[in-house]
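Peer 1: fold the following, please.
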Amino acid sequence: TDQQDVNETANLELVTTLANDSHKVEIYNSDGQLNNGYNEIFVRIRDNAGTYINNASLEWSPVMHMMSMSHSCPYSAITRVSGTPALYGGYIVFQMAGNESEYWELTINYTIGGKNFSVQGRLDVSQSEKRTLNVFTGTDGIKYILAMVEPAAPKVAVNTMTAVLYKMESMSAFTVADNFRIKIDPRMPGMNNHTSPNNKDLTQTNTGEIYKGA
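Peer 2: Coordinates of the predicted model:
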């Protein structure tokens, strides 16, 4: 079990642990902090004997509890991370940060050996230092959520750029926006507002959820 722990989470930080009577569900990401925007998240399930579960089916449901209303956000399915003993992963796009009175709550429902379980708990979501998210209404009257995935740390070089684009169907339902082109226009305000060469607008990849450009 110790070797399994080292291999699976060597480059991850624990965000929080949710628990019920049967299991502890550990939530990880790259730095231990959730921010508004795109968040890649990893999950492990540990039983009361300390054994990590490698045959679970999981789904999650994030909800933002506000003073006068509640809403969800775009999120992926949870799938097993290839090459790991018992690590599962996906992503959640939080449209806004939380505060003391308005907060995100995550419910994870999972099945092990035909038996159903559930855990639930509050998530601390902070305001990102950089703007990587835009929520807007299109000329078609539909509300969209656009979130940059990469580059997380841009370099002075060619940067592959990826993003996710979702339609808001309702306060609790979001679908991938298909067949769009996301135009980019990078600028350097401190140097006569110049742009950069050979930029490529983002188009949808074969995976469906990811838009990719440069």
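
Peer 1: next, give phi and psi for the residue sitting furthest away from the middle of the chain.
Peer 2: Relative to the mean C-alpha coordinate of the chain, counting by Cα atoms, centre = their mean, the farthest residue is residue 192 (35.5 Å). Dihedral pair for residue 192: phi 60, psi 20, per degrees, to the nearest 10.

Peer 1: with residue 17 instead?
Peer 2: When read as degrees, to the nearest 10, the backbone of residue 17 gives phi -130, psi 130.

Peer 1: distance check, it against residue 49.
Peer 2: For residue 17, the distance to residue 49 equals 16 Å [Cβ to Cβ, to the nearest Å]. Backbone N, C-alpha and C define where each C-beta goes, glycine included.

Peer 1: compare those two (neighbour count), which wins?
Peer 2: residue 17 (14 against 6; other Cβ atoms under 10 Å).

Peer 1: surely the more buried one meets residue 26?
Peer 2: Yes: contact criterion Cβ atoms under 8 Å: residue 17 and residue 26 qualify, at 5.2 Å.

Peer 1: show the pLDDT at the residue farthest from the centre of the chain.
Peer 2: As predicted, residue 192 sits at a pLDDT of 93.

Peer 1: and if you look at residue 17?
Peer 2: For residue 17, the model assigns a pLDDT of 98.

Peer 1: try residue 206
Peer 2: Per-residue pLDDT puts residue 206 at 88.

Peer 1: so it: helix, strand or coil?
Peer 2: Reduced to three states with DSSP: H, G, I helix; E, B strand; the rest coil, the structure at residue 206 is coil.
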